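[1] sequence unavailable; structure follows:
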């Protein structure tokens, strides 16, 4: 038995952004209440977005709150300068919104409940704008975009920075980078600045990449769900090793051999247009050892 919708969301069942909250309580401004104590409550997104770039920040600071727009202070100046190096104008080419749209007292870091209360605002901008590239600046932005879809420990910017992810739900490239305000802190070292510039450069290159549309690979992927079919396939690989073989493991950690981690699924590719994948079980291990230990 095969299931062609394993790797990509099914078009009929796909849910986007706010609709994910159907089975959980949706947080609102009444849960957050930041709007009661700031000068520019519920700050709206800004920027013309001519190049299809959406920038999600953390929360308004004192300068932003006073002027009623995002990145009005030193962090915005730094961001504008770095984007300009690559021919991108922040206010003309990008749309800006924060994970939390009201200024927290004394510019403290946003609380999880505040991020949750503003998430539907962020996703409404994503759905309306349909950006080509989404830049997540810092931890609150990562939580705003991913936390409601991530069952395990989400981690922070050090976990997600450097990756360029073709997110099928947002239909956009998603890249996390350090928030420019972090680079302005006295304790920040030069390494963070180098990584910020490198990650930003890599992210902007995604604008020239073709986005992998949902369903592009479905004709080439077969998902085996029955044990008998999986064993038959592994037996065939052992008896008739292919000329070309590539494999990929999905695991519960970056080091699946470490204590507490395990292999979840495995996929074999035996030609440019043929891939077979299945959930892993310990009883398949002898077959896998035979397949993967064969020499060319």
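    Everything's here; your move. Keep in mind that this is a model prediction, so the values were computed, not measured. Numbering: from 1, shown residues only.
[2] what ranges does the stretch 101-250 of the chain have for its helices?
    112-129, 139-146, 157-160, 180-183, 190-205, 227-239 (DSSP state H, counting those that start in this stretch).
[3] name the helices or strands packed onto the fifth one?
    Pointing back at helix 190-205 there. Counting contacts by 3 or more CB pairs under 8 Å, 6 or more residues apart in numbering; DSSP states H and E, helix 190-205 is packed against helix 74-84, strand 133-137, strand 172-177, helix 180-183. For the C-beta atoms, the positions are set from N, CA and C on the backbone; glycine is no exception.
[4] looking at those, which is closest to residue 250?
    strand 172-177 (19.2 Å; CB to CB).
[5] what sits up against the closest one?
    54, 126, 130-137, 141-142, 145, 157, 160-167, 196, 199-200, 202-203, 206-207, 209, 211 (CB atoms under 8 Å, 6 or more residues apart in numbering).
[6] give me every residue that touches the residue nearest to residue 31 when sequence neighbours are not counted.
    The shortest distance from residue 31 to any non-neighbouring residue, by CB to CB, 6 or more residues apart in numbering, is to residue 117 (5.2 Å). By CB under 8 Å, 6+ apart, residue 117 lies in contact with 27-29, 31-32, 100.
[7] which of those has the most neighbours?
    Neighbour tally across those (other CB atoms under 10 Å): the maximum, 30 neighbours, falls on residue 100.
[8] any idea how far that one lies from residue 112?
    10 Å (CB to CB, to the nearest Å).
[9] then residue 287?
    44 Å.
[10] those two - which one has more neighbours?
    Each of residue 287 and residue 112 has its neighbours counted (other CB under 10 Å); residue 287 has more, 17 against 11.
[11] quick one, what contacts the more buried one?
    231, 234-235, 237-238.
[12] so which of these comes closest to residue 252?
    In terms of CB to CB, no member of these lies closer to residue 252 than residue 234, at 21.9 Å.
[13] list the contacts of that closest one.
    Shown in contact with residue 234 (CB under 8 Å, 6+ apart): 284, 287-288, 291.
[14] can you give me the distance of the residue located most distally from the centre of the chain to residue 271?
    Taking CA atoms, centre = their mean as the measure, the residue most remote from the mean C-alpha position of the chain is residue 239, 40.3 Å away. Distance, residue 239 to residue 271, using CB to CB: 18 Å.
[15] likewise residue 243?
    Applying CB to CB to residue 243 and residue 271 gives a distance of 9 Å.
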